[in-house]
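J.: Pasted the sequence and its predicted model underneath.
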Amino acid sequence: MTTSELSQLKPLPEDWDSALAVVAHPDDMEYGTAAAVARWTAQGKTVRYLLATRGEAGIDSMDPVTTATVRAAEQRAACQAVGVTDLEFLDHPDGTIHDVMRLRREIAAAIRRHRPDVVIGTSHREIFGPGIFNMADHRVVGLATLDAVRDAANRWVFTDLTGPDGAALPPWSGVKFTAVAGSGQPSHAVDVSDHLDAGVASLSAHRAYLEGLGPEAPDPAQMLRMFAGFAADRFGGIPCCAFEVIGLPFQMPGDSGDGEAATVDRTSDAVGRDQSQR
Ligand SMILES: [Zn+2]
C-alpha cells in the first residue's frame, strides 16, 4: 500500500441512530459540520446539539447581553436548517471557559440522559491547520468532551447525577466513537455533496454574527464549498466533511478487521472500547 493510499480518508461509519454534538459556541457546527448533520437527519438519525456558551462575546459592536439572546435565536434557526430540534446551552462564559469539572459533569450528564451512539466534537488540539492556533474555548470543550464520554460510562464518576425526574442517571457506555471535526489529523470523512445547501443555510442563519464581522465576513456558500473541497482529494474527489475519529479499533493495512492480533486501539487514550476503564 502506498503512502497516498494510506492517507486516504475512510468513510465514517453510519450504522448508528443518534448523536450528541458538543461544541463551544453558536456557529461552531455551521462551519462545515452541519452539512454532515443534514445528511444524517435525512437518513432518519437524531442529532442533538449541546453548546457550552451562547457566544455572547462574539459580536464586537453588540453588548454581550443582547448578543446572547440574538445568537441563541440564530443557533435555533441554524439547527432547523439541518433537521436538529434539540438544542441546549450550558451558559459557560464565552471566551473564558474555565470550569472544566463543571463542564465535564454537564456533558457526562447529557450523555447519560440522551444515551447517544456517537458523540461529535470539535478539535481539542492546539493547532488545527497550517499556522492556525485553536482558540481556548475550543481546546477546553474538545478535551472535556472526550473526557466526558469516559466519565459517562463509569458508574463511580459523577455518582450523584440525576435526570429531570429526579432519578439517578445510570452510566452509559454505548458511545461507539467520538468524531472530532476541524482536526488537522482527520481519519474519516462524510460525503456531503447532496447536503451542502443545507449546510450553507445553517451558517447563513447566523446573520447578526456574520454582519458583525463587517467586510471581512465570508460568503457562506463560497466558504463552505471550499471547505468541503479541502479533503476531497483524500476521499475520491467527493466533497466531504472530515473527522478525526477517536474510539474505533485501528485496522492494519490489508487486514480484514477480523484478526485479533491486527486490531489495536488507535491511540493509548482511545475512549471507545476502553471507555469504562480508567
Ligand atoms: Zn467557536
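T.: Arrived safely. Residues are numbered from 1 along each chain as shown.

J.: and stretch 79-90, C-alpha only, in PDB?
T.: Output of stretch 79-90 as PDB, limited to C-alpha atoms (Å, rounded to 0.1, in the frame of the first residue of the first chain):
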ATOM      1  CA  CYS A  79     -30.500  23.900  13.800                       C
ATOM      2  CA  GLN A  80     -33.800  24.000  11.900                       C
ATOM      3  CA  ALA A  81     -31.900  24.200   8.600                       C
ATOM      4  CA  VAL A  82     -30.300  20.800   9.200                       C
ATOM      5  CA  GLY A  83     -33.100  18.900  11.000                       C
ATOM      6  CA  VAL A  84     -32.000  19.400  14.600                       C
ATOM      7  CA  THR A  85     -34.700  20.200  17.100                       C
ATOM      8  CA  ASP A  86     -32.900  19.500  20.400                       C
ATOM      9  CA  LEU A  87     -30.600  22.400  21.400                       C
ATOM     10  CA  GLU A  88     -29.200  23.000  24.900                       C
ATOM     11  CA  PHE A  89     -26.900  25.800  26.300                       C
ATOM     12  CA  LEU A  90     -24.800  25.300  29.300                       C
END
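
J.: any residues touching stretch 27-38, and which ones?
T.: Stretch 27-38 has contacts (Cβ atoms under 8 Å, 6 or more residues apart in numbering) with 12, 21, 23, 47, 49, 51, 55, 58, 71, 75, 78, 81-84, 120, 122, 138, 181-182, 190, 192, 195-196, 198-199, 202-203, 205-206, 209, 223-224, 227-228, 241. C-beta coordinates here come from the backbone N, C-alpha and C atoms, glycine included.

J.: Next up, phi/psi of the closest residue to the ion within the chain, please.
T.: Nearest residue of the chain to the ion: His25, at 3.6 Å (Cβ to the ion). With angles defined as degrees, to the nearest 10, His25 sits at phi -130, psi 160.

J.: do the same with Arg139
T.: When read as degrees, to the nearest 10, the backbone of Arg139 gives phi -60, psi -40.

J.: quick one: contacts for it?
T.: Going by Cβ under 8 Å, 6+ apart, Arg139 touches 123-126.

J.: Which ones among the contacts of stretch 27-38 lie within helices?
T.: Members of the contacts of stretch 27-38 lying in helices (criterion: DSSP state H): 71, 75, 78, 81, 138, 196, 198-199, 202-203, 209, 223-224, 227-228.

J.: How many residues are close by the residue of the chain closest to the ion?
T.: When neighbours are defined as other Cβ atoms under 10 Å, His25 has 26 of them.

J.: Kindly report the same for the one 5 residues further on.
T.: The burial count assigned to Glu30 is 29, neighbours taken as other Cβ under 10 Å.

J.: how would you label it: helix, strand or coil?
T.: Here Glu30 is recorded as coil under DSSP: H, G, I helix; E, B strand; the rest coil.

J.: Name the nearest residue to it, sequence neighbours excluded.
T.: Leu203 (4.1 Å; Cβ to Cβ, 6 or more residues apart in numbering).

J.: same deal with Gly236?
T.: Nearest non-adjacent residue to Gly236, counting by Cβ to Cβ, 6+ apart: Gln8, 8.0 Å away.

J.: ok so, going back, now, of the contacts of stretch 27-38, which are buried?
T.: By neighbour count, with 16 or more other Cβ atoms under 10 Å, these hold 12, 21, 23, 47, 49, 51, 55, 58, 71, 75, 78, 81-84, 120, 122, 138, 181-182, 190, 192, 195-196, 198-199, 202-203, 205-206, 209, 224, 227-228, 241 as buried.

J.: Can you list the residue ranges for strands in the stretch 151-278 of the chain?
T.: With strands called from DSSP state E, counting those that start in this stretch, the stretch 151-278 of the chain shows them at 177-181, 188-191, 240-246, 249-251, 263-265.

J.: Mean pLDDT lowest where, among the ones you listed?
T.: Of all the strands of the stretch 151-278 of the chain, mean pLDDT reaches its minimum on strand 263-265 (a mean of 35).

J.: near the ion, which residues of the chain show up?
T.: Applying Cβ under 5 Å from the ion, we find that the chain lies next to the ion at 24-25, 28.

J.: can we see that at 8 Å?
T.: Counting by Cβ under 8 Å from the ion, the residues of the chain close to the ion are 23-25, 27-28, 55, 122, 135, 137-138.

J.: Cool, thanks, talk later.
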